[in-house]
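>>> here you go, sequence then predicted model.
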Amino acid sequence: MFDFWWRPFPLFDVWLWWWSPSPPSIGLLRGDKAGACADLHAADFAYPWSEDEIARLVVDASTISLGAFDPITGAVRGFGIVRRAADEAEVLTLAVAHPWRGRGIGRALLLEAMRQASETGVRAMFLEVDEANAAALALYRRLGFVQVGERPGYSRRKDGARALAIVMRKDLA
């Protein structure tokens, strides 16, 4: 009833809507976006994948490659690549552009990857994540992934140090 008191002017909600970025559209990743994905990957990973490596994965029939795209410009806000093998899948990578983090893009990408994987008969999904990546660990736990193992020295950080990777699993069926 009194929520209008905190607003600077009555049309504050309209103003927020106008200036807020549009939510991304989640769709299949195409090879022509590999360069933008390589740039995103380079911003987050110590040993990033090249444009060619990403392009090869995108067209591989065993992968589910998804992007989060700006609905107006088509710019890549995030992407994820999952590889299927028999009735299992592994999240190979998931990256979101820094300005768009914390807005549900990683979650949306992962949920769509899980949905598509499940539809193709995948019963369990795995991933490895650096133990220091608190945001990713929180996301994966919220989505029902549980720790099933550890890989000492598996992850490489930008400073060259080796880090423990947490192996996580989620049953899809």
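Perfect, thanks for sending it.
>>> what stretches of the protein score poorly on pLDDT?
Applying pLDDT under 70 to the chain flags residues 1-21.
>>> what about the strands in it?
Applying DSSP state E to the chain gives strands spanning 25-28, 63-69, 76-85, 88-96, 124-130, 146-156, 162-171.
>>> packing partners of the longest one?
Yep, that's strand 146-156 we're talking about. On a contact count with 3 or more Cβ pairs under 8 Å, 6 or more residues apart in numbering; DSSP states H and E, strand 146-156 meets strand 124-130, strand 162-171. Every residue, glycine included, has its C-beta placed from N, CA and C.
>>> show me what the longest one is in contact with.
Contacts made with strand 162-171 from outside it, assessed by Cβ atoms under 8 Å, 6 or more residues apart in numbering, are listed as 114, 123-132, 137, 140, 143-157.
>>> buried ones from these, can you make that a ChimeraX selection?
Per 16 or more other Cβ atoms under 10 Å, the buried members of the contacts of strand 162-171 correspond to this ChimeraX selection:
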select :114,125,126,127,128,129,130,131,137,140,145,154,155
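>>> circling back: closest to V58 out of the helices and strands packed on strand 146-156?
strand 124-130 (18.7 Å; Cβ to Cβ).
>>> show me what the closest one pairs with in its sheet, parallel or antiparallel.
Sheet pairing of strand 124-130 (DSSP bridges) gives strand 88-96 (parallel), strand 162-171 (antiparallel).
>>> tell me which of these sits most buried.
Highest mean neighbour count among the strands paired with strand 124-130 (mean count of other Cβ atoms under 10 Å): strand 88-96, with a mean of 22.
>>> and the angle for that one with strand 63-69?
Here strand 88-96 runs at 20 degrees with respect to strand 63-69, directions being taken by axes from the mean of the first three to the mean of the last three Cα atoms, to 10 degrees.
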